[in-house]
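Visitor: Pasted the sequence and its predicted model underneath.
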Amino acid sequence: MEKLTDTNKTLLDLLANTLFGAKIPVTIRSPGALWTEANLQAVFLLALRDAHPDDFPPELLHEIRCGVKQFLTGNVRLANAHAYISTLLEKADIPHVLIKGHASAIWYPEPDLRQLGDVDFYVAPQDVERAEALLAREGFTPEKTSHRFHHVFTKDGCRYELHYGIPGMPEGETGKLCKAYFADMIERSAVRHTPFGEMRLPSAFHHGLILLLHTAHHLTNSGVGLRHLCDWVVFADTLPENDFVNMFQNCLQELGLWRFACCLTDLGVRYMGAQPKTWAADADEPLGDALLADFFAGGNFGQKNVVRSRQAYLITSGRKRNSKLLRLFSVLLDMIYQKWPIAKKIKILVPFGWAYFTLRYLFRRLAGKRPKLYVRKAVRGAEERTQLYDRLRLFQNERNQK
């Protein structure tokens with residue numbers, strides 16, 4: 001693991017104080033760097049809750065106050081939007097459940113400080129057309145960009161993602177097993193009364209599983225930051241140990257996520273003030289430290305390093321190919337399938353897709369709309385990240401390995 005910087009340590013200590021009342025004395029030596037890092041990790045509302053104004057120069061203090069005001073206002077608007085869409089679907093008798101966003105916030109000691117981004121909700125595939133028709137009648141604007149497992153709508157400045165697949169679901173036999181665990185997600189959901197209105201939220205089991213799938217998915221793509229880690233740590237800390245083990249151990253071992261869950265939990269214990277957990281006591285600390293370094297390197301959804309998004313295809317595609325040529329072919333093929341899902345059914349479109357997206361990149365690069373693609377740097381970084389993620393053994397049945 002790369003050594004934690006003073007700014008990294010300060011940010012973790014501030015989060016420990018807010019999330020778990022750690023009462024760690026904090027001296028802010030580099031206020032500008034701390035503000036930048038907290039922004040890129042999407043945790044500045046949590047980190048700066050108890051920061052003293054004298055710790056920041058006047059110009060930076062003004063910027064921070066504007067940012068805090070903007071996000072707090074945005075959080076209220078988005079929380080209202082969560083309640084609005086849930087009530088809308090409930091009245092139309094469309095089975096649904098809100099995921100991620102506010103479903104994560106309710107586990108925080110101060111939910112208002114968990115920074116929200118958009119409104120995610122799940123609807124069973126057979127109800128998608130009814131849900132889309134309802135949104136159209138209510139004045140939602142559909143986004144033209146296609147996505148693999150969700151459709152996007154906007155209304156009144158808020159972004160809504162209608163999911164008809166679980167974010168981060170693996171493929172193959174593990175995916176089938178995982179899908180079975182989500183078969184009763186809507187049935188086991190419950191309406192929760194909040195200051196913003198009623199919201200239908202997932203059970204603790206389904207919420208925890210979504211957190212791990214979502215984090216693992218983005219970890220191996222553009223990257224995740226401390227907000228994802230905080231989501232898991234506050235959730236895992238809230239459940240009594242026996243309840244957690246009974247609820248999750250067998251499932252996560254079958255899905256190859258138990259090792260990952262233990263590493264994330266142990267990071268919360270060692271760096272963020274969470275209570276020690278017996279079930280995570282044997283976590284691989286060096287692996288956890290390497291993960292923490294990866295979180296800091298990427299930031300929230302890879303905001304700190306644009307190269308990481310280029311590495312995503314190299315990490316997730318063709319990993320079992322020994323030949324570099326075959327691996328490159330797998331990467332390019334997967335890229336087309338992600339951008340043109342129809343090409344998976346109509347294979348003749350694949351070469352046209354390669355030509356189209358290559359030319360589009362070149363034109364946008366010449367127009368200054370795309371950064372230069374450093375291929376060697378991307379490949380080297382992808383190989384280093386792949387070695388790290390392989391150590392997690394994600395989606396490899398851990399019960400069979402015992």
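Guide: Happy to help now that I have it. Residues are numbered from 1 along each chain as shown.
Visitor: Below-threshold pLDDT in the stretch 51-200 of the chain: ranges please.
Guide: Counting by pLDDT under 70, the stretch 51-200 of the chain shows low-confidence ranges at 146.
Visitor: All the strands of it, residue numbers only.
Guide: 97-99, 119-122, 141-142, 150-155, 158-163, 190-194, 197-201 (DSSP state E, counting those that start in this stretch).
Visitor: So for Ile210, which of these sits nearest?
Guide: Closest approach to Ile210 among the strands of the stretch 51-200 of the chain (Cβ to Cβ): strand 97-99, 5.5 Å. (Glycine included, C-beta is placed from N, CA and C.)
Visitor: partners of that closest one, with directions?
Guide: When pairs are called by DSSP bridges, strand 97-99 turns out to pair with strand 119-122 (antiparallel).
Visitor: Can you show me the CA trace of the partner strand as CSV?
Guide: C-alpha atoms of strand 119-122 as CSV (Å, rounded to 0.1, in the frame of the first residue of the first chain):
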residue,chain,number,x,y,z
VAL,A,119,-32.9,8.8,-7.4
ASP,A,120,-32.5,5.1,-8.1
PHE,A,121,-35.5,2.7,-7.9
TYR,A,122,-36.1,-0.8,-9.0
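Visitor: who's in contact with it?
Guide: 78, 81-82, 85-86, 89, 96-101, 150, 158-164, 166-167, 185-186 (Cβ atoms under 8 Å, 6 or more residues apart in numbering).
Visitor: hmm, which of those are the buried ones?
Guide: With neighbours counted by 16 or more other Cβ atoms under 10 Å, the contacts of strand 119-122 contain buried members at 78, 81-82, 85-86, 89, 96-101, 150, 158, 160-163, 166-167, 185-186.
Visitor: picking that back up, include distance to Asp284 when you put the strands of the stretch 51-200 of the chain into CSV, please.
Guide: Shown next, in CSV, are those (distance: least, Cβ to Cβ, whole Å):
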stretch, distance to Asp284
strand 97-99, 29
strand 119-122, 31
strand 141-142, 44
strand 150-155, 33
strand 158-163, 32
strand 190-194, 35
strand 197-201, 32
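Visitor: out of those strands, which comes closest to Asn39?
Guide: Between Asn39 and the strands of the stretch 51-200 of the chain, the tightest spacing by Cβ to Cβ is seen for strand 158-163, at 19.4 Å.
Visitor: Show which residues not belonging to stretch 35-53 make contact with it.
Guide: Under the criterion Cβ under 8 Å, 6+ apart, residues 7-8, 11, 14-15, 17-19, 28, 34, 56, 60-61, 63-64, 67-68, 71-72, 75, 110, 112-115, 117, 225-227, 230, 295-296, 299-300, 303-304 lie in contact with stretch 35-53.
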